[in-house]
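Asker: With the input below, show me the fold.
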Amino acid sequence: MGREQWKKIWVGSAGNMVEWFDWFVYATFAVYFADSFFPEGNETANLMNTMGIFAVGFFMRPVGGWLLGRIGDRKGRKAALTLTVTLMSASAILIAIAPTYDVAGYGGVAVLMLARLLQGLSVGGEYAASATYLTEASAPEKRGFASSFQYVSMTAGQLVGLGLQIVLQRNMSDAALHSWGWRIPFVVGALGAAIVFYLRRSMLETEVYAESGAAEQEDRGTLKVLWQHRREAFLVMALTMGGTVAYYTYTTYLTKFLSKSAGMDKSTASLVSFCALFVFMCVQPLAGMLSDRIGRRPLLITFAVGSTFLTVPIMTMLKHADTFWPALGLALLALVVVTGYTSINACVKAELFPTNIRALGVGLSYAVANALFGGTAEYVALWFKDAGAESGFYWYVAGCAAVSLIVYLSMRETRDIDLNRVAAAGQPQEWPQQAGATTVTPAS
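Answerer: Below you'll find the predicted structure:
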């Protein structure tokens, strides 16, 4: 991989890291500010209300996937990536200055809601732009490896958030964190976004987009063209379902699960998440490289089989793992299984669409599935807990993985698709020939 390609991956990943730092610190610090925006009462109910607002951000993501995906296809990947980080900076500032319930009543909730809507808009577009950019910026035989840096950077953003949380927990009193300390990460996020905005202004456009002629096509990045590729769009939604539920279960929800359900103190729960996520981040490129050698489907199938049959026992044991090492071992097992999805899902989705609709196709389809399943995962988990049937959530996660398993078993391999030859809408799409299979032209 050449120096120019590494530069593209670095700039795209750095911005993605800041985007997801801002996105995730809302979830990781929710245990501290949940009571600040609602009247005193049931702690679990207040956390559910706060995570309900978190879920609202996910439902804005399809709008972001459509709007910024359209910009990415019509104006270029660079334009979309620059706009996403601008929106994220604005949302982080709003949360940092949001008034509490004691100061402004439900006015603080309104500010929080606006900020989450902006974050949803931004992150919905970020996934589309970064998945497309990282896939297109790499050499054909390195796409799995290069696209794995999307989750490397996403996880790095969460690690920075968790690391900051651990530092604050060890240097501030619990009362101070609940009072005002939770605002610190949002100030940090806004500053980081400003730095990335500067970096992205000088980033290079991908050669695949620049040489494809997509910029001259009048109908590029439109819903009309996407409808002609609806089969691929529905495929993206189906293959996302199990992966996004499992990912949010073992990342953003893990700390709260360990502290609220397993009875672990908050600082130890945060340390478990930090260590598990660090290992998870490191194995992403290894799995990406493996997919470049053996294909994408074997990894996706491994993830789905593992999540279908291991989720219930892992979550059951995690609930009784009230010390560091057992909890870390179980979290690592779960995240290694999830790696089969996270390491390659970006390139698999990008490989399904032609250049003139790639950003919109990936962004909108993924965002819809993420809003329905990823964004609601924590709320569903807390709902089961509040209803006294927490184990029902374990079966829910396993069921979502089982649905995706059916999709992985029936879909074709995408590793050898030439991004420069994936046809425009209405033309036959070139798919790699699999051993023992007949040539199939997907319906458009």
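
Asker: which residues of the stretch 1-150 of the chain score low on pLDDT?
Answerer: Residue ranges of the stretch 1-150 of the chain with pLDDT under 70: 1-2, 41-47, 51, 54.

Asker: residue ranges of the helices in it, please?
Answerer: Using DSSP state H, counting those that start in this stretch, the helices assigned to the stretch 1-150 of the chain run over residues 3-28, 30-33, 43-75, 77-97, 101-104, 107-136, 143-147, 149-171.

Asker: Now distance to residue 318 and mean neighbour count too, for these, in a markdown table please.
Answerer: The way it works is simple: take the backbone N, C-alpha and C, and place the C-beta from them, glycine included. Listed next are those as a markdown table, based on distance: least, Cβ to Cβ, whole Å; neighbours: other Cβ atoms under 10 Å:
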| stretch | distance to residue 318 | mean neighbour count |
| --- | --- | --- |
| helix 3-28 | 18 | 22 |
| helix 30-33 | 17 | 22 |
| helix 43-75 | 19 | 22 |
| helix 77-97 | 30 | 23 |
| helix 101-104 | 33 | 13 |
| helix 107-136 | 27 | 26 |
| helix 143-147 | 30 | 29 |
| helix 149-171 | 17 | 21 |
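
Asker: And the ones you listed: which comes nearest residue 218?
Answerer: Nearest to residue 218, of all the helices of the stretch 1-150 of the chain, is helix 43-75, at 9.7 Å by Cβ to Cβ.

Asker: The closest one packs against which elements?
Answerer: Judged by 3 or more Cβ pairs under 8 Å, 6 or more residues apart in numbering; DSSP states H and E, helix 43-75 is in contact with helix 3-28, helix 30-33, helix 77-97, helix 107-136, helix 358-369, helix 377-386.

Asker: Give me the distance from it to the chain's centre.
Answerer: Computed by Cα atoms, centre = their mean, to the nearest Å, the chain-centroid distance of helix 43-75 equals 11 Å.

Asker: what's the answer for stretch 231-245, then?
Answerer: 13 Å.

Asker: now do stretch 280-287
Answerer: From the chain centre to the centre of stretch 280-287 is a distance of 15 Å (Cα atoms, centre = their mean).

Asker: State the distance from residue 365 to residue 345.
Answerer: Applying Cβ to Cβ, to the nearest Å, the value for residue 365 to residue 345 is 12 Å.

Asker: shared neighbours, those two?
Answerer: Here residue 365 and residue 345 have residue 240 as joint contacts, going by Cβ atoms under 8 Å, 6 or more residues apart in numbering.

Asker: about what we covered before: now the helices of the stretch 1-150 of the chain in JSON lines, with distance to residue 194?
Answerer: Shown next, in JSON lines, are the helices of the stretch 1-150 of the chain (distance: least, Cβ to Cβ, whole Å):
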{"stretch": "helix 3-28", "distance to residue 194": "9"}
{"stretch": "helix 30-33", "distance to residue 194": "23"}
{"stretch": "helix 43-75", "distance to residue 194": "19"}
{"stretch": "helix 77-97", "distance to residue 194": "6"}
{"stretch": "helix 101-104", "distance to residue 194": "27"}
{"stretch": "helix 107-136", "distance to residue 194": "14"}
{"stretch": "helix 143-147", "distance to residue 194": "26"}
{"stretch": "helix 149-171", "distance to residue 194": "15"}
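
Asker: Of those helices, which is nearest residue 386?
Answerer: helix 43-75 (5.7 Å).

Asker: So the residue nearest to residue 137 when sequence neighbours are not counted versus residue 207, what's the distance?
Answerer: Spatially, and ignoring its direct neighbours in sequence, residue 137 is nearest to residue 8 (3.9 Å; Cβ to Cβ, 6 or more residues apart in numbering). Distance of residue 8 to residue 207, given as Cβ to Cβ: 10 Å.

Asker: Spit out the residues that contact the two alike.
Answerer: Residues touching both residue 8 and residue 207 (Cβ under 8 Å, 6+ apart): residue 137.

Asker: Quick check: residue 197 touching residue 84?
Answerer: No - checked against Cβ atoms under 8 Å, the pair residue 197 and residue 84 is beyond contact range at 9.9 Å.

Asker: that older thread, wait, which of the helices and strands packed on helix 43-75 is closest to residue 160?
Answerer: Nearest to residue 160, of these and by Cβ to Cβ, is helix 3-28 at 5.3 Å.

Asker: okay, the angle between the closest one and helix 377-386?
Answerer: Here helix 3-28 points in a direction 30 degrees away from that of helix 377-386 (axes from the mean of the first three to the mean of the last three Cα atoms, to 10 degrees).

Asker: what's the offset of helix 3-28 from the middle of its chain?
Answerer: Distance, stretch centre to chain centre, for helix 3-28: 11 Å (Cα atoms, centre = their mean).

Asker: Give the residue spans of the stretch 301-444 of the chain that score low on pLDDT.
Answerer: Checking the stretch 301-444 of the chain against pLDDT under 70 turns up 421-444.

Asker: at 50 instead, please
Answerer: Filtered on pLDDT under 50, the stretch 301-444 of the chain yields the residue ranges 423-444.

Asker: quick one: the helices in it?
Answerer: For the stretch 301-444 of the chain, the helices defined by DSSP H, counting those that start in this stretch cover 324-342, 345-350, 358-369, 377-386, 391-410.

Asker: Let's have those helices in a markdown table, adding mean neighbour count.
Answerer: Putting the helices of the stretch 301-444 of the chain into a markdown table (neighbours: other Cβ atoms under 10 Å) gives the following:
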| stretch | mean neighbour count |
| --- | --- |
| helix 324-342 | 21 |
| helix 345-350 | 29 |
| helix 358-369 | 30 |
| helix 377-386 | 20 |
| helix 391-410 | 19 |
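
Asker: any chance of the ones you listed in JSON lines, plus distance to residue 260?
Answerer: Shown next, in JSON lines, are the helices of the stretch 301-444 of the chain (distance: least, Cβ to Cβ, whole Å):
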{"stretch": "helix 324-342", "distance to residue 260": "13"}
{"stretch": "helix 345-350", "distance to residue 260": "29"}
{"stretch": "helix 358-369", "distance to residue 260": "27"}
{"stretch": "helix 377-386", "distance to residue 260": "7"}
{"stretch": "helix 391-410", "distance to residue 260": "13"}
